[in-house]
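Trainee: Sequence unavailable; structure follows:
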């Protein structure tokens, strides 16, 4: 009898399907105010000032957790993601973190360097 995939396996597969092929696809804004669409930010704050570090982290958490493939490319910036990853990885779910670090070695490497 084949075992059923666990909830974590299903969540990881969902996040993996959304990933860009390369971090270089992430060409989102680096600064200024950014308004997220309702399918990403449906409650609370919808406009995020990326100059504010805590607000920027909230923005990245939302996009990483809720964004589809095109959202990731549009709203995330490669340099900001890589530079903030050591902190950001502690603020997101284990499933999201593991999928991104497995797919992109430079994220896993930055996490190990910060540990």
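Mentor: Great, that's in hand. These numbers come from a predicted model, not from an experiment. Numbering: from 1, shown residues only.
Trainee: which other helices and strands contact the biggest helix by length in the chain?
Mentor: Using DSSP state H to define each element, the chain has its longest helix at helix 53-66. The contact analysis (3 or more C-beta pairs under 8 Å, 6 or more residues apart in numbering; DSSP states H and E) places helix 53-66 against strand 47-49, helix 69-75, helix 78-88, helix 94-103. Yep, even glycine has a C-beta here, placed from its N, CA and C like the rest.
Trainee: In TSV: the ones you listed, plus distance to residue 34.
Mentor: Listed next are those as TSV, based on distance: least, C-beta to C-beta, whole Å:
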stretch	distance to residue 34
strand 47-49	5
helix 69-75	7
helix 78-88	12
helix 94-103	20
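Trainee: Figure out which of those is closest to residue 35.
Mentor: Checking the helices and strands packed on helix 53-66 against residue 35 by C-beta to C-beta gives strand 47-49 as the closest, at 4.6 Å.
Trainee: Next up, the contacts around the residue nearest the centre of the chain.
Mentor: In the chain, the residue lying closest to the centroid (C-alpha atoms, centre = their mean) is residue 64, at 2.6 Å. Residues in contact with residue 64, defined by C-beta atoms under 8 Å, 6 or more residues apart in numbering, are 72, 76, 88, 92, 96, 100.
Trainee: Closest to residue 36 out of those residues?
Mentor: Once C-beta to C-beta is applied, the member of the contacts of residue 64 that ends up nearest residue 36 is residue 76, at 11.5 Å.
Trainee: Any regions of the protein where pLDDT drops low?
Mentor: Residues of the chain meeting the criterion pLDDT under 70: 1-5, 109-115.
Trainee: hmm, try it at 80
Mentor: 1-10, 109-115 (pLDDT under 80).
Trainee: Can you report how many residues lie near the closest residue to residue 95 other than its chain neighbours?
Mentor: In space, residue 95 comes closest to residue 11 once its chain neighbours are excluded; the distance is 4.4 Å by C-beta to C-beta, 6 or more residues apart in numbering. Residue 11 has 17 neighbours, counted by other C-beta atoms under 10 Å.
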